[in-house]
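Novice: predicted model, plus sequence, below.
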Amino acid sequence: MLTKTVQNVVESLLGQQGATDPILRRTIFDRARGAAVEVPAFQAVAPELGYWVEKIFSEPWMVTDQDFICLREAGYSEDQIFELTVAAAMGAGVRRLEAGLKALAAADPEKMHSQDGRNTISANERRDK
Amino acid sequence: MRLEVLKHGHSRLQKMQLVMLRALTGRALEPVRMMSYRRNFFGKYWARCLQEGLRNAHEWSVGEVEIFAAFVSSLNRCHF
């Protein structure tokens, strides 16, 4: 259901070598996306990350300087924090995108199953009506 | 800005671009800094997503899409 453009973002984010292990980035992405990631195992590996991922997903506006200080004190470099934050945020965003696409499909399954959705009225057509 | 790498980690060309952006707008926007940093890791591809979502919609006008984005941002208490 995700467009190729969105898939490219995810593949770049999760597939490249970086300051963090791609497997950890994938785990965080999947957790934020709502996948059934084993929480105990995840927490065992990086307990402070579990809290961070939940905050990014549920209340990102509550992120404070202290959150970053905690991650630094836990030993994460700035590049690692950058990668993991982006992975969590992208997972949260994809989850919401998929929920929206699912709602659209439920509302109008015929439109969602067409090749490119062009059997709908465009913005210009609506304006000219 | 809470990560120093997002303040100082850009290439020389990007730093010049950010200086010009600041001169034009009065500030260097944090999303631009974030998307510019290590752009091959995330920002380059994310920019294409934004273009697709905000500019290439078929069923909504650009203005309508921007209103949706502004509304969602307000719910997330996001300035951008």
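Specialist: That came through fine. Residues are numbered from 1 along each chain as shown, chains lettered A, B, ... in the order given.
Novice: CA atoms for contacts and neighbours, from now on please.
Specialist: Will do.
Novice: and chain B, which residues reach chain A?
Specialist: Residues of chain B found near chain A, taking CA under 8 Å from any CA of the partner chain as the criterion, are B:2-5, B:40-42, B:45-46, B:48-49, B:52, B:58-61, B:76-78.
Novice: excluding residues flanking it in the chain, which one is nearest B:L54?
Specialist: Of all residues not flanking B:L54 in the chain, B:V65 sits nearest, at 6.0 Å (CA to CA, 6 or more residues apart in numbering or on different chains).
Novice: check contacts around that neighbour.
Specialist: B:G53, B:L54, B:A57 (CA atoms under 8 Å, 6 or more residues apart in numbering or on different chains).
Novice: related to what we said a few turns ago, can you flag the buried ones in the residues of chain B next to chain A?
Specialist: Burial by neighbour count, 16 or more other CA atoms under 10 Å in any protein chain shown: within the residues of chain B next to chain A this picks out B:L3, B:V5, B:F41, B:F42, B:Y45, B:W46, B:C49, B:H58, B:E59, B:W60, B:S61.
Novice: look up how far A:A32 lies from the residue nearest to B:L54.
Specialist: 25 Å (CA to CA, to the nearest Å).
Novice: not counting sequence-adjacent ones, nearest residue to A:W52?
Specialist: In space, A:W52 is closest to A:D67, 7.7 Å off (CA to CA, 6+ apart).
Novice: host element of the one you found?
Specialist: Taking DSSP states H and E as the criterion, A:D67 maps to helix A:65-73.
Novice: show me how far that helix is from its chain's centre.
Specialist: How far helix A:65-73 lies from its chain's middle: 21 Å, per CA atoms, centre = their mean, to the nearest Å.
Novice: buried subset of the contacts of B:V65 as a ChimeraX selection?
Specialist: A single ChimeraX command selects the buried members of the contacts of B:V65 (16+ other CA under 10 Å):
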select /B:53,54
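Novice: out of the contacts of B:V65, flag the one nearest to chain A.
Specialist: B:A57 (8.8 Å; CA to the nearest CA).
Novice: buried ones in the helix holding A:D67?
Specialist: If you call a residue buried by 16+ other CA under 10 Å, then helix A:65-73 has these buried ones: A:D67, A:F68, A:L71.
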